[in-house]
Structure formats: C-alpha cells, structure tokens
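Colleague: Provided below for reference: sequence and predicted model.
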Amino acid sequence: MGVHKVIIVEDHILLSQAIAGLVDSFEDFKVLFTCKNGKELLTKLKTPENIPDIILMDVNMPILNGIETTEIVKIDYPQVKVIALSVEEDDSTIIKMLKAGAKGYLLKDVEKDVLELGLKETIKHGYYHTRDVSNILINSLNDNGSQEIHLKEREIEFIKHSCSEMTYKEIAEKMFLSPKTIDGYRDSLFQKLHVKNRIGLVLYAIKNGIYKL
C-alpha cells in the first residue's frame, strides 16, 4: 500500500516534534510536516504535494481551532482523514469534533501502540474509535428523543449489511436493488434515525440489538 502521509497540527512545538518522531517510527507512515494552527495548515494544503492521507489535529489552537479547521478540511479535502489528538476529554468537545468530520478522537496521553493502531485502522476502515469514544457516541443518540421508531424489514436488512465492510454498491447487489435505491434507503434512514453517517447507523444498530458484536 506504500507509505501513508501524515500532517500534525499542534501549537506546542516540542510536543509536535515528539508526536512526529513517534509517527515516523511507525511502519508505512511518514510525517510530511507540522503546523502550529489551522490557518497555517490550510495555507499549506493549497499545494497539491502537501495533501496527506491523515491529519492529526489538536482541538484548542490559536487563530483557527481544530473544530473549525476540520469542518473546512472535510469540505475542501474530503479524501483526507482527520484524527483529533487532544487533552480535551469532555463529551461535548468530542461530539463537536466528530460532527465536524473527525474520523477518530485520541487523547495526547494515549499509548504509542494505540496511536499506531488508530492510524492503521483509519487507513484501512476510514475511522477509528476507542471504546470510550464509542460509548460517548452511543449515549449521544439518546438526545434524539424517545419517540418510537418503526423500521421496515428491508430497512433492517440494509442496516445489518451497513454494519459490514461491504460498500453501498455491494449492498445493492446483495439486496438485488439498484445503487440509486440503496442511496434512498441510506438517506431515509439517516433522517429517520437522526444520524449523519454510516458510523451513526452502526452505533444505532448496536444499541438497539439489530447488530451484535
């Protein structure tokens, strides 16, 4: 698969250098450069050679913070995956960062092995959540209200397939439906279940016993 390019956005220079040293020690990962804030990152991303596979993003930074920067990266560079790396561990900050588009959230005191696993899983599956973050996401679904939701048999089937590694195109083939129809199922369920992405769909399925780990 080659070497995966990483950018670190962190306003503390010594910490940024230490994280870069760790990432460079991981097999198949290389740090392109570090940035002190979101504004510096966005300026550098205008050069095509500077586009990474993953950005390790601090949350609290001067000039342009991690949440604001992640929202911009999600829109302008959708192929780039952002993992938050922060000291902030309150639920609201984690939820805001994930809603902004982060594919994972790690604390800065995380073990080296967990950081490496987070990078590898994000490359492989598109996201990485620790058990604590998964619990926060599941609990956040409770904020959607207690109104009973009725799902059709085919909707449940679609949700179950969405919990696998199949693409939406593969799910369409599995259910003998067109990709356009599957897109309709997906968009309808996102709205009905008040979730924003496939991760939210999986977490809903786990919480409600539709899919068991």
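Modeller: Nice, thanks for sending it over. Numbering: from 1, shown residues only.

Colleague: hmm, which helix or strand of the protein has the shakiest average pLDDT?
Modeller: helix 131-140 (a mean of 78; mean pLDDT, DSSP states H and E).

Colleague: and it, which residues are buried?
Modeller: Within helix 131-140, the residues that count as buried by 16 or more other CB atoms under 10 Å are 133, 136-137, 140. Where C-beta positions appear, they are placed from N, C-alpha and C, glycine not excepted.

Colleague: As CSV, those with distance to Pro62 would be great.
Modeller: Listed next are the buried residues of helix 131-140 as CSV, based on distance: CB to CB, whole Å:
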residue, distance to Pro62
Val133, 26
Ile136, 26
Leu137, 29
Ser140, 28
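
Colleague: Phi and psi next, for Leu106.
Modeller: Backbone geometry at Leu106, expressed as degrees, to the nearest 10, gives phi -120, psi 150.

Colleague: In this structure it contacts Ala84, no?
Modeller: Yes. Leu106 is within contact range of Ala84, at 6.7 Å (criterion: CB atoms under 8 Å).

Colleague: More neighbours: those two, which one.
Modeller: Shown here are Leu106 and Ala84; by other CB atoms under 10 Å, Ala84 has more neighbours (26 against 22).

Colleague: How much space separates that one from Asn135?
Modeller: Remark: distance between Ala84 and Asn135 (CB to CB, to the nearest Å) = 16 Å.

Colleague: again with Asp58
Modeller: Separation of Asp58 from Asn135 (CB to CB) stands at 23 Å.

Colleague: Going along the chain, name the helices of this structure.
Modeller: 13-25, 38-44, 66-76, 91-100, 112-125, 131-140, 153-162, 168-174, 179-193, 198-207 (DSSP state H).

Colleague: quick one: which of these is nearest Leu32?
Modeller: Leu32 lies closest to helix 38-44 among these, at 8.8 Å (CB to CB).

Colleague: buried set for the closest one?
Modeller: For helix 38-44, burial by neighbour count (16+ other CB under 10 Å) applies to 38, 40-42, 44.

Colleague: ok, the residues you listed vs Leu22, which is closest?
Modeller: Nearest member of the buried residues of helix 38-44 to Leu22, counting by CB to CB, is Leu41, at 19.3 Å.
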